[in-house]
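> With the sequence up front, the predicted model follows.
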Amino acid sequence: MTINIGLFFLRVVSSLMLLSHGIAKIGMLASGDASDFLNPIGIGSTFSLILSIFAEVGCSILVMIGLKPRLFALPIIINMWVAGFLGHIGQPYSSKEAALLYLVIYISIALLGGGKYTIDYYLSRNKNRIKSKKEI
């Protein structure tokens with residue numbers, strides 16, 4: 001039970017914190033400042049920004065509520081890897097620290113899963129109850 005509570009807090013708190021970074025990026029996109037965003041993998045600043053928003057807003061919300069947290073942790077992991085190792089290349093460690101910390105957190109979520117307190121767990125429990133009733 002303690003592990004499930006720990007996974008719940010890890011998912012919710014880290015996703016809320018990451019969400020604040022993503023919301024700031026939405027403002028950047030809305031104001032037309034996408035050209036100032038890093039383009040570390042050569043796909044264009046605007047598309048890089050959109051992918052980052054997808055990971056930091058969309059995926060973090062899904063991880064937070066526990067809807068396929070292992071699956072939706074993967075775009076965040078890729079985003080944080082790119083930010084930490086390519087986006088901030090040549091910069092001091094302090095500018096990479098947040099990305100690397102999120103990278104470790106979401107790798108942990110991808111490996112451990114979301115725990116018992118997730119939408120997935122609730123849906124699978126209800127699905128099993130429906131199957132049991134049909135068998136009777």
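Arrived safely, thanks for sending. Residues are numbered from 1 along each chain as shown.
> after the lengthiest helix in the chain comes which helix or strand?
Counting by DSSP state H, the longest helix found in the chain is helix 2-30. Note on helix 2-30: by DSSP states H and E, the next helix or strand toward the C-terminus is helix 45-53.
> contact partners of that following helix?
Contacts to helix 45-53, defined as Cβ atoms under 8 Å, 6 or more residues apart in numbering, come from residues 22, 25-26, 28-29, 34-41, 43, 75, 79, 83. To be clear about C-beta, it is placed using only N, CA and C from the backbone, and glycine gets the same treatment.
> what is the rounded mean pLDDT of it?
Across helix 45-53, pLDDT averages out at 95.
> try stretch 85-102
Per-residue pLDDT over stretch 85-102 has a mean of 92.
> Identify each buried residue in it, please.
Buried positions in stretch 85-102, judged by neighbour count with 16 or more other Cβ atoms under 10 Å: Gly87, His88, Lys96, Ala98, Ala99, Leu100, Tyr102.
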